[in-house]
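# Predicted coordinates and the sequence they were generated for:
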Amino acid sequence: MLSCRGLRKTYQTDRGPVDAVRGADLDVAARHYVAVIGRSGSGKSSLMAMIGGLSQPSAGSILIDGADIWSLNDNAMAQFRNRRIGYIFQFASLLPTLRAIDNVALPALLDRHSGTADTYNRAAQLLTEVGLGSHFDAYPSEMSAGEQRRTVIARALINDPILLLADEPTSDLDVETESEIMALLLNVNHERGTTLILVTHNLALASEAEQVVQIADGAIVP
Amino acid sequence: MLQHWLLGSLALQNIGRRKARASLLIAAVAISSAIVFTGVVMMRSIETSMAVGFSRLGADLMVVPQNALTNITAALLTAEPTGEVLDADLLDQAHITGIGRAAPQRVFRTEQSEFGGQGESVDLIGYDPGNDFTIQPWINERLGRPMQPGDVILGAARDVPLGSEIALFGKPFRVYAKLGRTGAGTHERGIFMPSAELLALVPAIREQTRKTPPMLEPRKVSGFLIELTPGATELQVRFALLSHLSGTKVVAGGSLLTGIRQGVTALLGGAISLVSMMFASTALMVSVLFSAIVTERRSELGLLKAIGAKRSQIVGMVLIEAIVATGGGGLCGVVFGMLLLRLFERSLVYYLTEIGVPFLWLDRMDTVLVAAACILGAGLIGAIGALTPAWRASRHDPYDLIRGEG
């Protein structure tokens, strides 16, 4: 399902080039739950961003469902991100001027592959599934951190992606809320069969994964 | 359509997020637009006033006495009211080719006509109805019958209803017609009548003034307005007149008009340069502002890209925001400009009209077109100003934007 070969990410800084990811090879089977662990600054987020089509690798290739995503042109890449990838950031990533239901519907509205009514029905259904059935009209500023994260999960699922990438989605949440969010994500993986790659520092959560990838100093530890 | 609505909605919401900043941007564009709108309408009105005032006069040349003072405006319309006169048969004697029509005029300025109040200056202008091509074409409204003896035509500035009876030197006259507004003072304030009628008034004038004005002598005129035959050049006829007629001055309306127009054109050119510079500086200001706005929102733009927004959508959203803000500024500027024009109308234009220099406003359709151009131009400024920052931001990887490196 996912195949990375020779992935490298080098950032240019004032002090010279810095290698965030150095020659990573990774294979992930469909419907699997993969945990990515490693110390802060080890290159986990950079790896996730390259897999999610958010950051172009300095070298290497990424195949998702057989498609070399970084060979796609701008529009095709945008469509790929929109339809095939669900991305959950380690920070609240909702547009502040939109209601919860608008934020959830936004990816589908951008690509317009379904009607507005259908999109909003689906957004409402997803919000209900993540426990926010009474928060359709709430703006991000009116929601707690946990509610915002649930909304982000609902948004990530609106286009029914094949790959869900979660980059430390609970890093700023309390333990109880973290448990709820993680349960939600694992449920998505189990019930929907969506491949889940989760970056976490929680080793207990990682232990539940079918595959654990450890990164150290930009390289995947064999 | 849905995408456009969505992007437009996001853009409007973004404008509403920073109301103070949006208001300042709109105000800055509004001021620029108001200046451009007011300036263009005023300049076009001035140009129209001159073009209408001069181009419809019909005379290519005017022959006046050598020592006659010529007022440019009046010279293009009628003989200037001075004491200098020419022989009425001057042109007949000279047999000059190239003259199509020659319209003799007698212009008698007096403060003793008793018309319009004690001591009011009135220009009584006698014309030859058979050869006239500068007065009758200007009739704007008239009684529903042919002109009769005892009828006069009034300039547009004379506020006397059609059909009214007026008295000149104690003699009654009927207001038969009124001329349209020309922008030329003598024409605006004049009282026109066939020369025969004016000459018939001489006894009454003499009784009042105890003398006969020289231009009201039967064989004298104030000057001739000349229309050239097709193919004759102004220069040829002018030289012919000067070589055949001693003691005369030939005023070429066309060259005067050309000179004035050249002056106005230079002024318009300067105004256009000013408008262009204002356009460029406003676009630069908008560009700087939107660079800051895009930098401030790079994380959101990155987020939009991350969830599948195309580059065109990112650029489109920023452009819509800029166009709405600056177009709104343009709209406010046009409204403000209209208020300024009303102010001009009640001050400068009113003053000009009062002193006999009517001002012809640009017609409504053209004014609407200028207003539309100002609003569209303001929107275009926004689009141009925001395009570069938006395009540059759209080029970055979503992750760079989200990390604040866009």
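Received it, and whenever you're ready, just let me know what you need.
# Spell out which residues of chain B are next to chain A.
With C-beta under 8 Å from any C-beta of the partner chain as the criterion, chain B comes near chain A at residues B:2-3, B:6, B:10, B:13-14, B:16-17, B:300, B:302-313, B:397-400, B:402. All C-beta spots, glycine's among them, are computed from the backbone N, C-alpha and C.
# run the last query once more with 6 Å
Within chain B, the positions near chain A by C-beta under 6 Å from any C-beta of the partner chain are B:2-3, B:6, B:13, B:303, B:306-311, B:397-399.
# could those be laid out in JSON lines, adding distance to residue B:160 and neighbour count?
As requested, those are exported to JSON lines (distance: C-beta to C-beta, whole Å; neighbours: other C-beta atoms under 10 Å in any protein chain shown):
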{"residue": "B:2", "distance to residue B:160": "65", "neighbour count": "12"}
{"residue": "B:3", "distance to residue B:160": "65", "neighbour count": "17"}
{"residue": "B:6", "distance to residue B:160": "64", "neighbour count": "21"}
{"residue": "B:13", "distance to residue B:160": "61", "neighbour count": "15"}
{"residue": "B:303", "distance to residue B:160": "74", "neighbour count": "21"}
{"residue": "B:306", "distance to residue B:160": "78", "neighbour count": "25"}
{"residue": "B:307", "distance to residue B:160": "76", "neighbour count": "27"}
{"residue": "B:308", "distance to residue B:160": "75", "neighbour count": "26"}
{"residue": "B:309", "distance to residue B:160": "71", "neighbour count": "28"}
{"residue": "B:310", "distance to residue B:160": "70", "neighbour count": "22"}
{"residue": "B:311", "distance to residue B:160": "70", "neighbour count": "18"}
{"residue": "B:397", "distance to residue B:160": "79", "neighbour count": "20"}
{"residue": "B:398", "distance to residue B:160": "77", "neighbour count": "28"}
{"residue": "B:399", "distance to residue B:160": "81", "neighbour count": "25"}
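# wait, which of those is closest to residue B:360?
Of all the residues of chain B next to chain A, the one with the least separation from residue B:360 (C-beta to C-beta) is residue B:13, at 46.1 Å.
# Whatever residue of the stretch 151-300 of chain B ends up closest to chain A sits in which helix or strand?
In the stretch 151-300 of chain B, no residue comes nearer to chain A than residue B:300, which is 6.2 Å away by C-beta to the nearest C-beta. If you go by DSSP states H and E, residue B:300 is part of helix B:298-306.
# how near is residue A:30 to residue A:1?
4 Å (C-beta to C-beta, to the nearest Å).
# I meant to write residue B:292 there.
Distance of residue B:292 to residue A:1, computed by C-beta to C-beta: 43 Å.
# and after the lowest-mean-pLDDT helix or strand in chain B, which helix or strand comes next?
The weakest-scoring helix or strand in chain B, judged by mean pLDDT, DSSP states H and E, is helix B:72-75 (a mean of 44). Using DSSP H and E, the next helix or strand after helix B:72-75 towards the C-terminus is strand B:86-87.
# Next up, the contacts around the residue of the stretch 201-350 of chain B found nearest chain A.
Chain A sits closest to residue B:308 of the stretch 201-350 of chain B, with a gap of 2.3 Å, by C-beta to the nearest C-beta. Neighbouring residues of residue B:308 by C-beta atoms under 6 Å, 6 or more residues apart in numbering or on different chains: A:78, A:81-82, A:107, A:110-111.
# for chain B, what are the nearby residues on chain A?
Selection of chain A residues close to chain B by C-beta under 6 Å from any C-beta yields A:49, A:54-56, A:74-75, A:78, A:81-82, A:87, A:93, A:97, A:107, A:109-112.
# now the helices for chain B?
With DSSP state H as the definition, chain B shows helices at residue ranges B:2-17, B:19-55, B:72-75, B:90-94, B:185-189, B:195-200, B:202-209, B:234-244, B:253-296, B:298-306, B:311-344, B:350-354, B:364-395, B:398-402.
# ranking those helices by mean pLDDT, which is last?
Lowest mean pLDDT of the helices of chain B: helix B:72-75, a mean of 44.
# so which residue of chain A comes closest to chain B?
For chain A, C-beta to the nearest C-beta, closest residue to chain B: residue A:82, 2.3 Å.
# That residue belongs to a helix?
Yes: Residue A:82 forms part of a helix when assessed by DSSP: H, G, I helix; E, B strand; the rest coil.
# Show the contacting residues for it.
Residue A:82 touches A:107, A:111, B:308, counting by C-beta under 6 Å, 6+ apart.
# Find the nearest non-adjacent residue to the last one, please.
On the basis of C-beta to C-beta, 6 or more residues apart in numbering or on different chains, the spatially nearest residue to residue B:308 that is not a chain neighbour turns out to be residue A:82, at 2.3 Å.
# And the second one, by the same measure?
Closest residue to residue A:111 apart from its sequence neighbours, by C-beta to C-beta, 6+ apart: residue A:82 at 4.6 Å.
# Residue A:8 - that's part of a strand, no?
Yes: according to three-state DSSP, residue A:8 belongs to a strand.
# what about the nearest residue to it once chain neighbours are set aside, neighbour count?
In this structure, residue A:8 finds its nearest non-sequential neighbour in residue A:59, 4.0 Å apart by C-beta to C-beta, 6+ apart. Counted with other C-beta atoms under 10 Å in any protein chain shown, residues neighbouring residue A:59 total 13.
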